[in-house]
Structure formats: C-alpha cells, structure tokens
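S.K.: Any chance you can model this:
(one chain, ligands or ions: 2)
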Amino acid sequence: MKRDALVFYSPVDDPAAWRDALASELPDLDFRVDEDGGDPAEVSYALCWLPPKGFFQRFRNLKLLTNLGAGVDALLNRDDLVPVPITRLSDPGMVSLMTSYVIFAVTRYARDMHIFERAKRRGEWHYVHPRALSEIKVCVLGLGELGAHAAKSLADMGYDVRGWSRSLKTIPGVACHAGRSSLDALLGECEIFVSMLPATNDTHALLGARELALMPAGAKFINVSRSAVVDEAALVAALRSGAIGEATLDVFGAEPLPPSHPYWALDNVFITPHLASITVPALAVRDVAESIRRVRRGEAPLHQVDPQRGY
Ligand SMILES: NC(=O)C1=CN([C@@H]2O[C@H](COP(=O)(O)OP(=O)(O)OC[C@H]3O[C@@H](n4cnc5c(N)ncnc54)[C@H](OP(=O)(O)O)[C@@H]3O)[C@@H](O)[C@H]2O)C=CC1
Ligand SMILES: O=C(O)C(=O)CO
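M.R.: Numbers count the residues shown, from 1 in each chain. Ligands and ions are numbered 1, 2, ... in the order given. The predicted structure follows:
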C-alpha cells in the first residue's frame, strides 16, 4: 500500500514537538524526519525550514510544501522546487511573539530606555522627561499577518500609528496607507519605523539611502522582517552619521552576523539573532493539518503563497 508520508526538515525547530502535534491531529500520518530515510516516493507532504540544496529533488510525489515559517523568500529562490502548492505557517503563537518583540523595541525607544542603558554604563542618574505615547508616531511597514497585529497592538497602547502595505487595509486605530506613492510622505512624518515587509523583488532595497534620508534626523529603525528590504550599506552610513539615530535589528544579510560586520561596533545598534518570532507547534499545527486534509480531498490548502508575488 502506498504510504502518505510527511518529511520534516529544520535546523532550528524541534521535530519531536512537531511529531507529537501532528499525531494529535492526523494520527494516520507517517511523520519522517529527513534523516529517518524511507522511500522518498512515499512522501506526499514536506514541512521544511531552510532545507539543504537539492533537498526536494527526491520527492517526486510531493503534493504540498509547507514552509515552516512565515517568510518564504529563501524557499522561492531555489532551483530544486517541485511544482506543488506552497503554503506558509499562520500561527497565533508566532503572531503574539512577534508583537511582543515589536512592542518591546518600539517602547525601548519611546520610553528612552536606550538612553538609560548608556547612562547606567556611565554610572549616571540621567533624567529624561517622558513623552505621552500619543505624541510618538510609529510607522509599521507591512500589514500582513504579523504587521497588522503589531500595528493594532501599538495603537491600542496609545501610540500614534501609521501603517503601509500594498493594498489598503482597515485596522482600528491605525492610519493605513497603500502603495509606493504614499511612502515618501510617511517616511517624513514618523519617528519610529518598523519593517514587517517580506523580502520580494518589489521590496528589495526599498529603503535605500534616499528613503533613509527622508526620515527625520535621529529616526529609529527596527527591522524584524528581512534585511533585504534595506540597503545595509546605506543604513550603516546613516547610523554612523546619526541621520538614523538608533536601530534594532533582528535580521541580517548574512546570518550569523559576521564578527567583522560594522553593526557590531555601532553603539546605536541593538542586535538580536533572528528570533523576533518563532513557530509554536502546538498552535501552528491546526492549520498545517487542515491543509493536509484539504489536499487529501483534492482541495486547495490554507495560506497559499503566490510565488510570482513572492509572499
Ligand atoms: N524575524 C523573525 O523572527 C521573523 C520574521 N518574519 C518576517 O516577517 C515578514 C512579514 O510576515 P507576515 O506579516 O506574516 O507577512 P505577510 O505575507 O502576511 O504580509 C506581508 C505584508 O507586506 C505587504 N507588502 C508586500 N509587498 C509590498 C510592497 N511591495 N509594498 C507595500 N507593501 C508590501 C503586504 O501587503 P498586502 O497586505 O497588500 O499584500 C502585507 O501587508 C515575513 O515575510 C518574514 O520575512 C516572520 C516571522 C519571524
Ligand atoms: O518565519 C519566518 O519567516 C522567520 O523568519 C522565522 O524566524
């Protein structure tokens, strides 16, 4: 009898957690971690994050490829893909972890914590009178599954939030804008920027020297999505000159960030090692399993990615 197997691969996610989570939803699914071996012809589904080059070539009967994360840029830019639907995770656990990071990073600047961190290192009691959150204009670039929730949460806290996406959104408390023509004005009117845009052909180096120069002097820039949306060299130059006052960066062109990278030496750059959010298997599994059920019934899976659009 032909097996209906799923192959799992991830350098960072726990296969045991996914095995258990999927067993609770689909007890009949044959869950295989890549190293388990078995006949690749029996594999109908792949659940993968950053699999090695050539990984997919073996799975000639694949019916569904689920990206074990939100961003599909690394997956779409490979030459071993088989022509099957690609889905991304939609994970309430990932949404709340991401929102917690964005709130932390924005609030660290809004409440002057970066100034107090430096004052503490100098051994100085340094009073800065707090500002009302309603005076602080935050721009969230990208209002998708993660960006929309972060933007709304910031607005709920009292920040003055603007959001930007490709198509116009309606998010309570957030002034939403769409399209390239509205970007320059937004860059000029906010003081904290959060990139939550996917890396696509359209967003590549979207924030270059020109766009960074449109931001008010001393603006704060937070990148939790992908480094490719920013011209890294232009950002380094802007951080050196103080045109961009501070940056919080979770994502980089090369990861791990090489020891020689200029970011390490910049006191105004706060670095985290690509963990703004992660997948929570117990919460993400429901939709992963539902997509498999749908594909078994010959229906389209949930959260399908458009490879042409790039997200
Ligand atoms: N650092 C980390 O730990 C993590 C990082 N990520 C990154 O976060 C990114 C965002 O995630 P998620 O919210 O789920 O993504 P989505 O795909 O759900 O949303 C993407 C958003 O970006 C907008 N967008 C895309 N292209 C453009 C463009 N050319 N101009 C204007 N807006 C554009 C989309 O607009 P529209 O709504 O109109 O389509 C949409 O609002 C992921 O792609 C991934 O790279 C994700 C998880 C963890
Ligand atoms: O899900 C994603 O896109 C991530 O970057 C996870 O770290």
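S.K.: quick check, Glu246 in a helix?
M.R.: No: assessed by DSSP: H, G, I helix; E, B strand; the rest coil, Glu246 does not belong to a helix; its assignment is strand.
S.K.: Could you give the bridge partners of it?
M.R.: Here Glu246 shows beta-bridge partners Lys220, assigned using DSSP bridges.
S.K.: Give me every residue in the stretch 1-150 of the chain lying close to ligand 1.
M.R.: Where proximity means Cβ under 6 Å from any ligand atom, the interface of the stretch 1-150 of the chain facing ligand 1 comprises 69-71, 98, 142-147. To be clear about C-beta, it is placed using only N, CA and C from the backbone, and glycine gets the same treatment.
S.K.: Which ones, among those, also lie beside ligand 2?
M.R.: Applying Cβ under 6 Å from any ligand atom to these, those adjacent to ligand 2 are 69-71.
S.K.: State which helix of the chain is the longest.
M.R.: Longest helix in the chain by number of residues, with DSSP state H as the criterion: helix 92-110.
S.K.: helices or strands up against that helix?
M.R.: Applying 3 or more Cβ pairs under 8 Å, 6 or more residues apart in numbering; DSSP states H and E, we find helix 92-110 packed against strand 137-141, helix 145-157, strand 192-195, strand 219-223, strand 244-249, helix 281-296.
S.K.: and the shortest one, anywhere near ligand 2?
M.R.: No: no part of strand 192-195 sits close enough to ligand 2 to count as contact by Cβ under 6 Å from any ligand atom; the gap is at least 12.5 Å.
S.K.: Could you find the closest non-adjacent residue to Arg78?
M.R.: Sequence neighbours aside, Lys53 is the residue nearest to Arg78 in space, at 7.2 Å (criterion: Cβ to Cβ, 6 or more residues apart in numbering).
S.K.: So the one you found: helix, strand or coil?
M.R.: Secondary structure assignment for Lys53 (three-state DSSP): coil.
S.K.: residues near it, how many?
M.R.: Taking other Cβ atoms under 10 Å as the neighbour definition, Lys53 ends up with a count of 9.
S.K.: Please name the bridge partners of Val269.
M.R.: Val269 has the following beta-bridge partners by DSSP bridges: Ala247.
S.K.: so it touches Tyr263, yeah?
M.R.: Yes: taking contact to mean Cβ atoms under 8 Å, the distance of 4.8 Å between Val269 and Tyr263 places them in contact.
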